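Participant: Structure for the following, please:
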Amino acid sequence: MRDMEYGVSTISNRTFAAADLLRYFVLRSRRGNIFNLGGDLEFFKQMIVSGDRDALLSYAKQSADMMYTLYSGFEKGVTTVALVQGKCIGGGLEAAVACDYIVAERHSEFCFPEIQLGIFLGMGVLPVLARRLNKHDYEDLCHSGRNFSTEELANMGLIDVVADKGQGEQVIMKWIKKRYGALRSHQTMSCIRKSAAQLSRADFHSGLESWVDVVMSLDKRRLALLSFAIDKQHAGVQ
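Facilitator: Got it, this is the predicted structure:
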């Protein structure tokens with residue numbers, strides 16, 4: 001997650017010449033079987049044990065800022081696209097949802113497992129999900145903690161384009177090429193849609209204090225589950 005934040009912030013802080021030449025930004029992973037496994041759980045545990053609430057809140061704010069940067073198109077009108085080609089978990093799924101579009105390969109898996117630890121989604125994207133999903137799908141995705149397939153999220157309307165395994169990049173290139181002739185119109189319609197949603201940076205920060213309070217109050221049983229989740233996260237990236 002930290003690598004993703006660094007990459008997004010680097011582009012966000014860059015000044016683009018010639019009327020901001022960046023038009024599309026594709027968020028993807030270098031690992032074909034993993035998009036993102038979520039937040040830094042080991043850091044969470046360290047902050048809980050040490051009682052460092054301020055450090056955890058700072059982490060949450062940085063993550064929420066990254067989500068808003070993706071959601072707002074770097075505040076430059078950039079169209080953001082998430083290319084998911086494997087496991088997309090927790091904060092990784094929040095980052096994908098924050099993008100304008102999600103292109104996912106059929107074999108990909110999605111999950112918000114936070115509820116299993118007694119935690120809710122804390123990186124700022126709940127307001128986006130609340131506006132994009134009906135009540136049933138919102139409850140299922142955010143409250144169940146179960147795994148979802150690409151097809152399931154496509155049926156919910158969260159995934160915009162489904163690609164066969166290994167074809168995601170090619171599909172995105174064709175999709176961008178098809179839209180490029182009417183780029184300004186597509187960008188304008190996207191801006192109108194976002195304006196209607198009325199989500200600001202403050203909305204992405206709205207639940208952070210409560211999220212930190214919940215995380216810092218995890219009991220021994222939840223901490224044991226967190227340790228187990230850390231082991232799974234480490235195993236997933238090996």
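Participant: now the helices for the protein?
Facilitator: Under the criterion DSSP state H, the chain contains helices at 2-12, 17-20, 41-50, 53-71, 91-98, 126-132, 135-143, 150-156, 168-180, 183-197, 201-205, 208-216, 220-236.
Participant: wait, which of those helices is closest to Gln116?
Facilitator: Using C-beta to C-beta as the measure, helix 220-236 is the one of the helices of the chain that comes nearest Gln116, at 6.9 Å. C-betas here are computed from N, CA, C, even on glycine.
Participant: which residues are in contact with the closest one?
Facilitator: For helix 220-236, the surrounding residues in contact (C-beta atoms under 8 Å, 6 or more residues apart in numbering) are 34, 37-38, 41-42, 44-45, 48, 87, 113, 116-118, 218.
Participant: what do you get for stretch 37-50?
Facilitator: By C-beta under 8 Å, 6+ apart, stretch 37-50 touches 1-2, 52-53, 55-56, 59, 63, 87, 89-93, 113, 123, 215-216, 218, 223, 226-227, 229-230, 233, 236-237.
Participant: Please export the C-alpha coordinates of that stretch as CSV.
Facilitator: Output in CSV follows, covering the C-alpha atoms of stretch 37-50 (Å, rounded to 0.1, in the frame of the first residue of the first chain):
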residue,chain,number,x,y,z
LEU,A,37,-3.3,-6.9,-0.5
GLY,A,38,-4.4,-3.9,1.5
GLY,A,39,-3.0,-1.8,4.3
ASP,A,40,0.2,-2.3,6.3
LEU,A,41,-1.2,-4.6,9.0
GLU,A,42,2.1,-5.0,10.7
PHE,A,43,2.3,-1.3,11.1
PHE,A,44,-1.2,-1.3,12.5
LYS,A,45,-0.3,-3.8,15.2
GLN,A,46,2.9,-1.9,16.1
MET,A,47,0.9,1.2,16.6
ILE,A,48,-1.8,-0.6,18.7
VAL,A,49,0.8,-2.2,21.0
SER,A,50,2.8,1.1,21.4
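Participant: what about Ala55, neighbour count?
Facilitator: Per other C-beta atoms under 10 Å, the neighbour tally for Ala55 reads 14.
Participant: Return the residues in contact with it.
Facilitator: Contacts for Ala55 (C-beta under 8 Å, 6+ apart) come out as Met47.
Participant: Distance of it relative to His136?
Facilitator: Counting by C-beta to C-beta, to the nearest Å, the separation of Ala55 from His136 is 37 Å.
Participant: cool, and Ser50?
Facilitator: Taking C-beta to C-beta, one finds Ser50 at 40 Å from His136.
Participant: Also Ser58?
Facilitator: In this view, Ser58 and His136 are 35 Å apart by C-beta to C-beta.
Participant: Which of the two has more residues huddled nearby?
Facilitator: Neighbour count, other C-beta under 10 Å: between Ser58 and His136, Ser58 has more, with 13 against 9.
Participant: Below-threshold pLDDT in the chain: ranges please.
Facilitator: Of all residues in the chain, those with pLDDT under 70 make up the ranges 1-7, 9-20, 196, 236-238.
Participant: Tell me who's in contact with the one residue sitting closest to the centre of it.
Facilitator: Per C-alpha atoms, centre = their mean, the C-alpha nearest to the average position across the chain is that of Ala95, at 1.4 Å. Taking C-beta under 8 Å, 6+ apart, we find Ala95 in contact with Met4, Leu27, Asn36, Met66, Met67, Leu70, Ala82, Met123, Val125.
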